[in-house]
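# quick one, fold the following:
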Amino acid sequence: MVGLLLRRGAALLLTLVAASFLVFALTQFSPANVARETLGAYALPEQVHILSEKLHLQDPLVVRYVRWAEVLLGLRADPLDDPALGLHIHDPRGARYFGNFGYSTLFHEPVNDIIWSRLANTAVLAGIAFAVIVPLSMLLGILAGMRPGSRLDRVLSILSITMTSMPEYALGVILAAIFAVWLKVLPGTSPLAKGTGWPLASQFLLPVAVLALYDSGYVARMVRASMIEVLGKPYIRTALLKGLPRRRVILRHALRNAMITPFTVILLQINWLIGGVVVTETVFAYPGFGRMLLQASLFGDIALIEAATLVALFVAVVTQLLSDVGYWLLDPEARG
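Sure, this is the predicted structure:
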């Protein structure tokens, strides 16, 4: 177990470093310019050139990446926080600390003052959606997999495929039109504001419904396929032929083995719920991580894009590590 964690941890750490370099390189070659975005659209070319020289933006890419990583790790002070530049940029945590993602030119605040509150909002939304998706998809998948080809299986399969095939924005608009415009029982937006006349709990219902309906069908199909495969195994048929109750065989023998394959798929939904719900958050004006990343991309906020992408990569790496550990615990063959 310890050896597995060390091997996987080292490999995923290297993946994170390589991916962070690629993200940094892509943002550096984007049309946006750190000096231009920092000074504003009305800055003179001479001012942009002077700031670019002071920030050493003409240095080789590898040198700039190392300098950026040193700022992130707290080994170097953020150059934008230098009072000599006259930018009036100040981070209350100081110019040098671990996890310094820099300054957001879109929100005119340190990135850490923005990204963690937005990530917390998305984590709440993702947690509620995940708590709905997992039991719902498992129930539907198990019911369909227990009787493949039956009327119940066909109905659940059609519903799953229909929900998965429908785009998130279309599903969001449909639900908002029904419950917010027609029935007027739920708010059409979810800004998490208290002065809207709607309780905070009600503002989560439509976004969670969109995520659950969209994702449950996909996960249910994975659970169904795994359940059908396990129920066809010789040891399951032998247990049934010996006269053991079908319910006992399914709960004590089939279900555990049927969850081995979908386990990784279920954990991968965490990545999607954290960084891939841009459409849902935008449709409902939800102040979350995905919507923030979209705004930063449209504006060209390089520091915020780099920070958000790095956080999303970290979540993906940790999720992959958890899936490997879970697979190792569930599958005896993996341990052997």
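# so which elements touch the host helix or strand of P135?
Take DSSP states H and E as the rule and P135 turns out to sit in helix 111-146. The contact analysis (3 or more C-beta pairs under 8 Å, 6 or more residues apart in numbering; DSSP states H and E) places helix 111-146 against strand 103-104, helix 151-165, helix 202-231, helix 255-258, helix 260-275, helix 289-299, helix 302-330. Backbone N, C-alpha and C define where each C-beta goes, glycine included.
# once you drop chain neighbours, what's closest to the residue nearest to the spatial centre of the chain?
Against the mean C-alpha coordinate of the chain, by C-alpha atoms, centre = their mean, the closest residue is I274 at 2.3 Å. Leaving aside its chain neighbours, I274 sits nearest to V315 (5.1 Å; criterion: C-beta to C-beta, 6 or more residues apart in numbering).
# for that neighbour, the count of nearby residues, please.
For V315, the neighbour count with other C-beta atoms under 10 Å is 19.
# what sits against it?
270-271, 274-275 (C-beta atoms under 8 Å, 6 or more residues apart in numbering).
# out of these, who's nearest S202?
I274 (23.2 Å; C-beta to C-beta).
# hmm, the closest one is touching A123, no?
Yes - between I274 and A123 there is a contact at 7.2 Å, judged by C-beta atoms under 8 Å.
# where in the stretch 1-150 of the chain is pLDDT low?
Along the stretch 1-150 of the chain, segments meeting pLDDT under 70 span 1, 4, 31-33.
# leaving out chain neighbours, which residue sits closest to L72?
N100 (6.1 Å).
# measure the one you found to S297 for me?
21 Å (C-beta to C-beta, to the nearest Å).
# which one of these two is surrounded by more residues?
Using other C-beta under 10 Å, the more surrounded residue of N100 and S297 is N100, with 25 against 17.
# so the more buried one: helix, strand or coil?
Three-state assignment for N100 (DSSP: H, G, I helix; E, B strand; the rest coil): coil.
# the residue nearest to the centre of the chain: what's it in contact with?
119, 122-123, 126, 289-290, 312, 315.
# in whichever strand or helix holds E53, what counts as buried?
Element membership for E53, per DSSP H and E: helix 45-54. Of the residues in helix 45-54, 48, 51-52 count as buried by neighbour count, 16 or more other C-beta atoms under 10 Å.
# any idea which of the helices and strands packed on helix 111-146 has the lowest pLDDT on average?
Note on those: helix 255-258 shows the lowest mean pLDDT, a mean of 79.
# can you give the distance from it to the centre of its chain?
Relative to the chain's own centre, helix 255-258 is displaced by 27 Å; criterion: C-alpha atoms, centre = their mean, to the nearest Å.
# kindly format the C-alpha coordinates of that helix as CSV.
Extracted as CSV, the C-alpha positions of helix 255-258 are listed here (Å, rounded to 0.1, in the frame of the first residue of the first chain):
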residue,chain,number,x,y,z
LEU,A,255,-22.6,-5.6,-5.9
ARG,A,256,-19.1,-5.3,-4.5
ASN,A,257,-17.5,-6.7,-7.7
ALA,A,258,-19.8,-4.7,-9.9
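# what lies in contact with that helix?
142, 145, 223, 226-227, 229-231, 233, 330.
# repeat the analysis, applying 7 Å as the threshold.
226-227, 230 (C-beta atoms under 7 Å, 6 or more residues apart in numbering).
# and of those residues, the nearest to L87?
Nearest to L87 among these, with distances taken as C-beta to C-beta, is S226, at 55.8 Å.
# which SS class is the nearest residue in space to Q203 that is not next to it in sequence?
Sequence neighbours aside, S190 is the residue nearest to Q203 in space, at 4.0 Å (criterion: C-beta to C-beta, 6+ apart). Look at S190: counting by three-state DSSP, its state is coil.
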